[in-house]
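Engineer: Provide a 3D model corresponding to the input given below.
(one chain, ligands or ions: 3)
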Amino acid sequence: MTAMTFIARDVADAATAASQCAILPLFQNTKLASAALKIDKATSGSITAALALGDFSGKRGESLILPGTDAAKRVLLIGCGDAKTFDREGARKFSQTVYQALLGKQASEAMLHLAGLGLKENAAKWMLAYLARYLIAASYRYTETISKPKAAIKLTRLVINTKGAIKPRLASNALSEGKAIGRGIAEAANLGNLPGNICTPSYLAGHARKLARSSGKLSVSIVDEKQMRALGMGALLSVSTGSEQPAKLIVMNYKGGKAAAKPQVLVGKGITFDSGGISLKPGAKMDEMKFDMGGAASVFGTMRAITELALPLNVVGIVAAAENMPDGSATKPGDVVTSMSGKTIEVLNTDAEGRLVLCDALTYAARFKPAAVIDIATLTGACVVALGSHATGLFANEDALADQLLAAGTDSHDRAWRMPLWDDYQAQIKSNFADLANIGGAGGGSITAACFLSCFASDYRWAHLDIAGSGWNSAPKGATGRPVALLTRYLLDRAGL
Ligand code: BES
Ligand code: MN
Ligand code: ZN
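Structural biologist: Numbering: from 1, shown residues only. Ligands and ions are numbered 1, 2, ... in the order given. Down below sits the predicted model:
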């Protein structure tokens with residue numbers, strides 16, 4: 001993963017500070033801020049000249065690199081638009097513009113001058129957190145099975161000149177938060193991008209063990225198929241039975257809070273490949289079903305982020321990992337299985353496998369006496385139809401929890417949209433031969449899937465995030481690392497940070 005160092009400090013004189021690249025945010029139609037003024041002088045008016053020539057006006061998204069001085073080798077002007085309307089979208093655009101401008105350049109270090117921009121302290125904090133997150137997430141490249149990966153920016157060290165803008169300690173905290181989230185996003189994206197023949201349930205179990213070695217606060221246990229049978233996890237086992245790859249229930253226990261504090265529990269769908277099973281999927285785009293462990297990947301990414309931040313909170317991450325394949329020993333449509341909860345399920349379609357692995361994981365989650373349980377799953381194609389790729393589908397059995405997650409999504413720009421969980425839908429998953437059917441028939445496919453899960457989550461506060469649309473892109477293909485930013489923000493909020 002990209003190693004990037006962020007440093008926040010007050011720099012006495014922008015013109016004489018040594019740097020490979022001085023980054024100067026500029027608003028439209030305003031006087032140059034103090035750092036820009038000094039550098040303009042030191043470069044015999046190169047900034048004023050560029051403005052006068054009309055090559056750069058400070059429009060949002062504009063950038064221009066000028067040769068600098070002996071101290072600051074390059075000067076990178078970033079247009080931030082109208083100062084009065086500079087908001088979070090402006091800060092996001094700023095981060096993207098910095099990244100784009102540095103791509104293909106040789107600078108491995110840069111210094112960003114914030115003085116004179118007139119940002120409120122909270123706005124500056126948000127901007128720095130987002131910048132760190134974006135630079136790291138955007139420079140992630142998939143390398144595992146590629147001989148010559150595409151180049152990313154060369155930047156490995158960014159100094160923030162906080163003088164006159166924000167206290168260095170606050171800036172430093174914001175940068176650490178953004179960095180951890182960026183690394184979490186990259187981690188989730190990378191796991192998602194790995195092919196199904198590498199990223200198996202056993203691979204994910206090994207990955208969890210590796211993650212645990214990086215932190216004294218994180219311990220890992222793996223429930224194997226034999227233990228699953230003893231626990232009565234007939235629903236989870238019915239998915240892996242047609243596969244050569246044994247299922248794994250991966251439990252990561254992070255103890256950052258007080259011993260008695262109830263944990264937040266994250267449960268991820270970890271189908272490392274979803275062929276549909278006997279209800280086989282059509283061939284087109286079936287390769288994308290390697291992304292069907294995106295929920296699990298986001299649990300790993302979030303666990304990494306919170307361990308890096310040493311979050312003062314107890315968090316349990318559970319991954320229900322299995323491969324869904326057709327075989328002589330595979331589950332067949334019409335088969336009835338018994339879940340760990342004791343409820344029986346008629347498997348009317350073996351392609352509705354996510355809810356089968358998740359229902360047993362949700363029952364298992366109750367043993368942690370959770371403050372709340374949030375599951376994350378690439379659960380339904382219907383969610384892609386409903387919301388497309390921008391919003392994650394959110395379902396919850398409690399309004400306050402739903403609101404907390406919606407707020408975390410808005411704040412981190414990793415947004416979710418709430419969908420109904422009304423009782424009326426429950427009738428669609430009735431079965432003549434079992435307590436529940438695993439599909440709900442025509443209409444409201446993502447809602448009936450959530451209704452199915454809710455039957456196993458009635459003992460605690462619970463929310464379900466359907467990331468079928470937001471979890472990966474099809475053109476160009478790649479996992480997005482969502483919703484690591486939302487989840488980490490939600491946990492930071494719970495820790496009061
Ligand atoms: N992993 C899929 C959901 C999915 C499909 C996500 C396409 C993203 C794109 C899930 O296991 C599945 O196959 N769901 C079925 C459910 C149906 C059989 C009730 C679906 O959505 O078609
Ligand atoms: Mn499926
Ligand atoms: Zn699936």
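
Engineer: got the contact list for the residue of the chain found nearest ligand 3?
Structural biologist: Closest contact between the chain and ligand 3, by CB to the ion, is at residue 274 (3.7 Å). To be clear about C-beta, it is placed using only N, CA and C from the backbone, and glycine gets the same treatment. Residues in contact with residue 274 (CB atoms under 8 Å, 6 or more residues apart in numbering) are 281, 289, 292, 324, 351, 353, 354.

Engineer: who are the contact partners of the closest residue to the fifth one other than its chain neighbours?
Structural biologist: In space, and not counting its chain neighbours, residue 351 is closest to residue 276: 3.9 Å by CB to CB, 6 or more residues apart in numbering. Residues in contact with residue 276, defined by CB under 8 Å, 6+ apart, are 324, 326, 350, 351.

Engineer: element containing residue 276?
Structural biologist: Using DSSP states H and E, residue 276 sits within no helix or strand.

Engineer: what values do phi and psi take at it?
Structural biologist: phi 100, psi -20 (degrees, to the nearest 10).

Engineer: is it correct that residue 425 is in contact with residue 445?
Structural biologist: No - here residue 425 lies out of contact with residue 445, judged by CB atoms under 8 Å, at a distance of 10.5 Å.

Engineer: these two: which is more packed in?
Structural biologist: Each of residue 425 and residue 445 has its neighbours counted (other CB atoms under 10 Å); residue 445 has more, 22 against 19.

Engineer: so where do the strands sit in the stretch 1-150 of the chain?
Structural biologist: 5-9, 22-26, 63-67, 74-79, 109-113 (DSSP state E, counting those that start in this stretch).

Engineer: okay, now the domains of this structure?
Structural biologist: In the assignment given by automatic domain parsing, the structural domains of the chain cover 5-185, 199-494.

Engineer: tell me which of those is the most buried.
Structural biologist: Most buried of the domains of the chain by mean neighbour count (mean count of other CB atoms under 10 Å) is domain 199-494; its value is a mean of 21.

Engineer: picking up where we left off before, greatest separation within the contacts of residue 276: which pair is it?
Structural biologist: 326 and 351 (10.3 Å; CB to CB).

Engineer: between the two, what contacts are shared?
Structural biologist: 276, 277, 280.

Engineer: residue 327 is in contact with the last one, correct?
Structural biologist: No - with the criterion set as CB under 8 Å, residue 280 and residue 327 do not qualify as a contacting pair; they are 11.3 Å apart.

Engineer: where does residue 450 fall, secondary structure wise?
Structural biologist: Here residue 450 sits within helix 445-454, counting by DSSP H and E.

Engineer: can you give the contact residues for stretch 34-45?
Structural biologist: Identification of contacts with stretch 34-45 by CB under 8 Å, 6+ apart yields 13-16, 22, 24, 26, 31-32, 46-48, 66-69, 71-72, 75, 113, 115-116, 161, 164.

Engineer: from one end of stretch 15-28 to the other, what's the distance?
Structural biologist: Criterion CA to CA, to the nearest Å; first-to-last residue distance in stretch 15-28 is 22 Å.

Engineer: one step back: let's see which of the contacts of residue 274 end up in helices.
Structural biologist: Among the contacts of residue 274, the members found in helices (DSSP state H) are residue 354.

Engineer: what ranges do the helices span in the stretch 1-150 of the chain?
Structural biologist: Assigned by DSSP state H, counting those that start in this stretch, the helices in the stretch 1-150 of the chain fall at 34-42, 46-53, 88-102, 121-138.

Engineer: likewise the stretch 151-300 of the chain?
Structural biologist: 168-193, 201-213, 225-231, 234-240, 294-308.

Engineer: any chance of these in JSON lines, plus distance to ligand 3?
Structural biologist: Output for those, formatted as JSON lines (distance: least, CB to the ion, whole Å):
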{"stretch": "helix 168-193", "distance to ligand 3": "13"}
{"stretch": "helix 201-213", "distance to ligand 3": "14"}
{"stretch": "helix 225-231", "distance to ligand 3": "19"}
{"stretch": "helix 234-240", "distance to ligand 3": "9"}
{"stretch": "helix 294-308", "distance to ligand 3": "10"}
